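In: requesting a structural model of the entry that follows:
(one chain, ligands or ions: 2)
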Amino acid sequence: MGASSSTESSSLLPSNPPQIASAVDTTRRACVFCDIARGELPHADNPAATVDAGSMKQRAGLADLNRIVYRDDTVAVFHDRHPKASLHLLVVPVAHVRNTDSLRQSAAHYALVQRMLEQGQRCVEDQVRKTITAQVARHRAQASGGTGEALSIDVDSQVAECVRQARYGFHVPPFTSVSHLHLHCLVPPFRNGIFCGLGSLEVKYRDDLPWFEAVATTLARLQPPNTAVPVVPSQL
Ligand SMILES: [Zn+2]
Ligand SMILES: [Zn+2]
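Out: Numbers count the residues shown, from 1 in each chain. Ligands and ions are numbered 1, 2, ... in the order given. Just a heads-up that it's a prediction; the model follows:
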């Protein structure tokens, strides 16, 4: 997927879907997730300015250009810069929504979060399948080179198991690292903390603790009354 051109008008929110307007913060200045979501990169002095490729590379580092896995007019999905689990993706709305406190009980906000979840699930499955397929190919190459036994593995069931274990949710204000709504999509195992005694970083993403909310809880909160019961996979 290529980056979009940076030749838009001076509007900061050219692709803001009107139906979520009540959640959109139009006062945002430089926001790294806005820049990633729109295929642009940080430009603190003038967020609306276009930047050339060389400048983009200088400001964000090549890694940033490579970490987006999906983007359309509504949502973008990219790898967390500091992954806390074997797979750690973030899904953001392209429009600048600050956090879960900006979302209200409404069909539009419910639909936005549902859309973020669906795209996150698609990307998780896609990334997991790519990783496992590559691992199997590597093992097979080693085996055919006489360095190991041929690996017999059912890729589909491995992918299904990872997908089943995936966790989706939001950090709750004030425990948000970046003030642009982002859905964490994590596939265990979780990594260990840097500091002695901190242990598994899973503690940051447990919905029985006050700083993290499972996406199913968010959706239940946003769903307007008297609407059909949403279809949320039971493992969430
Ligand atoms: Zn933003
Ligand atoms: Zn977070």
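In: scan this protein for its longest helix.
Out: For the chain, the helix that runs over the most residues, judged by DSSP state H, is helix 107-144.
In: show me what counts as buried in that helix.
Out: For helix 107-144, burial by neighbour count (16 or more other CB atoms under 10 Å) applies to 108-110, 112-117, 119-121, 123-125, 127-129, 131-132, 136, 139. (C-beta placed from N, C-alpha, C; glycine too.)
In: again with stretch 211-221
Out: Under 16+ other CB under 10 Å, the buried positions of stretch 211-221 are 211, 212, 213, 214, 215, 216, 217, 218, 219.
In: ok, the second one - contacts?
Out: Read it as residue 212. Neighbouring residues of residue 212 by CB atoms under 8 Å, 6 or more residues apart in numbering: 169, 170, 171, 172, 175, 204, 205, 206.
In: what about the fourth one, how many neighbours?
Out: This points to residue 172. 18 (other CB atoms under 10 Å).
In: do the same with the first one
Out: Per other CB under 10 Å, the neighbour tally for residue 169 reads 22.
In: what packs against the helix or strand hosting it?
Out: Per DSSP states H and E: residue 169 is located in strand 167-171. On a contact count with 3 or more CB pairs under 8 Å, 6 or more residues apart in numbering; DSSP states H and E, strand 167-171 meets helix 107-144, strand 183-190, strand 212-214, helix 215-222.
In: contacts for that strand?
Out: 99-100, 117, 120-121, 177, 181-188, 204-205, 207, 211-215, 217-218, 236.
In: for the chain, which segments are assigned as helices?
Out: Under DSSP H, the chain gives helices at 32-37, 53-60, 62-66, 107-144, 155-165, 215-222.
In: hmm, back to that, distance to residue 193 and pLDDT for the buried residues of stretch 211-221 - can I get that in a markdown table?
Out: Shown next, in a markdown table, are these (distance: CB to CB, whole Å; pLDDT from 0 to 100):
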| residue | distance to residue 193 | pLDDT |
| --- | --- | --- |
| 211 | 15 | 86 |
| 212 | 16 | 92 |
| 213 | 21 | 95 |
| 214 | 22 | 95 |
| 215 | 24 | 97 |
| 216 | 26 | 95 |
| 217 | 25 | 95 |
| 218 | 26 | 95 |
| 219 | 30 | 96 |
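In: of those residues, just say which sits nearest to residue 86.
Out: Closest approach to residue 86 among the buried residues of stretch 211-221 (CB to CB): residue 212, at 18.2 Å.
In: run through the bridge partners of the residue nearest to residue 68 when sequence neighbours are not counted.
Out: Once flanking residues are discounted, residue 68 sits nearest to residue 78: 4.5 Å by CB to CB, 6 or more residues apart in numbering. As for beta bridges, residue 78 partners with residue 68, residue 90 under DSSP bridges.
In: how many neighbours does residue 78 have?
Out: Around residue 78 there are 21 residues (other CB under 10 Å).
In: now do the contacts for the residue nearest to residue 94 when sequence neighbours are not counted.
Out: Leaving aside its chain neighbours, residue 94 sits nearest to residue 37 (4.6 Å; criterion: CB to CB, 6+ apart). By CB under 8 Å, 6+ apart, residue 37 lies in contact with 71, 75, 76, 92, 93, 94, 180.
In: you'd agree residue 83 is up against residue 191?
Out: Yes - shown here, residue 83 and residue 191 form a contact pair, counting by CB atoms under 8 Å, at 7.1 Å.
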